[in-house]
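1. Sequence and predicted structure, then a few things I'm wondering about:
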Amino acid sequence: MRIVVVGGAGLMGRIALRHLVEGRQVDEIVIADLNRQAGEQLISEIGSDRLSIATVDATDETALAAVLRGADACLNASVYYFNLPIMRACLAARTHYLDLGGLFHTTRKQLELDAAFKEAGITAVLGMGSAPGVTNLQARLACDRLETVEYIRIYDGIHNPHINPDDPLTWGYSIQTILDEVSKNPIVFRDGDWQEVAPLSELEHYAYREPLGYVANHHSLHSEVATLPISFRDKGVQEVFFKINFFGYPEAMLRKIAFLCELGFAATEPIEMRGGRVAPRDALLAVLAQRPAPAPKQPAGYKDMVAEVKGTRDGQPMIVRVDVESWARPEWKASGGNVLTGVAPSIVAQWLASGAIEMRGVLPPEVAVPAIPFFEAAKQHGITTTISETAPL
């Protein structure tokens, strides 16, 4: 079995690599990344002779297809901007594909490749990280217990005891994605249709499991809202949203990022400046790159993701809540959230590569991935799933 991890030297890719290596089912794991130095350093750290590196630009579809040819699956751990060219490279190489999400709008564009993937006889699973990904499967578990569905509400709770408001800005995944999540209007599915709301809007306190507890959450642009209303429309779903507790930052720190976005520093269109043209975001990223790296800390952080689904069973109203919890793994240098985001795509990439997933085309996790076997596999890595049911008065 041969799996190519595009962006394998990045923050999320390296966690998936560690899981792939530990499992020992994969004979060859290729890190496809432009940053050869980071890839070589990672291979040295992990110390497995099953790892190799291919220096390739994810936007060079011909070169990437050459790397993918003969592989059993492609795990795309890069930023979502590259999802479409990587999918086209997989089509050329006839290689199964999965990614970590398309931030709603890119996910919709990816779904348009469904017929092409079916014709090629291959599968693409869209958004198979923690959120989206595991959250979609939580929704599947809950919806399968109900005959009708009124709403699907996703809550993403992150607890990081090492961050305080006075710390320098840091980020646990792509800063590009964080800037997009803070600056772009979230989409909610409400009254049976998709609607835009303001970034960080509709604050709601929600009770997660301890040690996180009762904290504030806000809307964020996410891919679950693109697919769950379609996957469960036969059950009558009228509302779907995704909320998160300030991405695990203290609220004051997240507001600093939001302030920069409000000033226009997240914009990607170049502006005239000193005789040249510079995108404000590029300038911001260049400034952030000059900041001294914070002192390394022991990986910490706990994640509790919740899918709360209201519907009916036997004609009676019922709320089904599915919690998935994950804790840090210091030996992987990974927080609880990063563990979940890396382990989930590794599990599904191996299922794609082995032929365990037989559906073809471009599919969301809640359609392509069997939920119960997935959570059983995740449990082997300390990721726990709890289902509770309540009958509202």
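-> Ah, there it is. Numbering: from 1, shown residues only.
2. going forward, measure contacts between C-alpha atoms and count neighbours the same way
-> Noted.
3. So residue 115, which state does it fall into?
-> Classification of residue 115 using DSSP: H, G, I helix; E, B strand; the rest coil returns helix.
4. Isn't it up against residue 124?
-> No - counting by CA atoms under 8 Å, residue 115 stays clear of residue 124, with 11.2 Å between them.
5. Looking at these two, which one has more neighbours?
-> Comparing residue 115 with residue 124 by neighbour count (other CA atoms under 10 Å), the higher total belongs to residue 124, at 30 against 13.
6. The more buried one and residue 351, how far apart?
-> 12 Å (CA to CA, to the nearest Å).
7. same question, residue 108
-> For residue 108, the distance to residue 351 - CA to CA - is 24 Å.
8. do residue 15 as well
-> 18 Å.
9. ok, now residue 291?
-> 41 Å.
10. of those two, who's got more company?
-> Using other CA under 10 Å as the criterion, residue 291 and residue 351 rank with residue 351 on top: 17 against 10.
11. show me the contacts for that one.
-> By CA atoms under 8 Å, 6 or more residues apart in numbering, residue 351 lies in contact with residue 357.
12. Please apply the same query to residue 191.
-> Residues in contact with residue 191 (CA under 8 Å, 6+ apart) are 238, 239.
13. I'd like the distance between it and residue 239.
-> 6 Å.
14. Helices of the chain, start to end?
-> Using DSSP state H, the helices found in the chain span residues 13-23, 36-46, 61-68, 83-93, 105-111, 114-120, 134-143, 175-183, 224-231, 251-262, 280-290, 336-354, 365-368, 371-379.
15. Distance from the second one to the middle of the chain?
-> Once both centres are worked out by CA atoms, centre = their mean, to the nearest Å, helix 36-46 turns out to sit 23 Å from its chain's centre.
16. what comes up buried for that helix?
-> 36, 39, 42, 43 (16 or more other CA atoms under 10 Å).
17. Now do that helix: which elements does it pack against?
-> In terms of contacts (3 or more CA pairs under 8 Å, 6 or more residues apart in numbering; DSSP states H and E), helix 36-46 is packed against strand 51-54.
18. what do you get for the third one?
-> Here helix 61-68 is seen to pack against helix 83-93 when contacts are counted using 3+ CA pairs under 8 Å, 6+ apart.
19. for residue 35, what are its contacts?
-> Taking CA under 8 Å, 6+ apart, one finds 9, 55 in contact with residue 35.
20. Check the nearest residue to residue 151 once chain neighbours are set aside and give its pLDDT.
-> In space, and not counting its chain neighbours, residue 151 is closest to residue 239: 4.5 Å by CA to CA, 6 or more residues apart in numbering. Per-residue pLDDT puts residue 239 at 99.
21. Residue 293 now?
-> 58.
22. what's the answer for residue 154, then?
-> For residue 154, pLDDT reads 99.
23. Neighbours of it, how many?
-> For residue 154, using other CA under 10 Å, the count is 27.
24. just residue 47 next, same as before
-> Counted with other CA under 10 Å, residue 47 comes out at 11.
25. What residues of stretch 14-34 count as buried?
-> Neighbour counts over stretch 14-34 (16+ other CA under 10 Å) mark 14-21, 26, 28-34 as buried.
26. hmm, which two among those are most spread apart?
-> 26 and 34 (22.8 Å; CA to CA).
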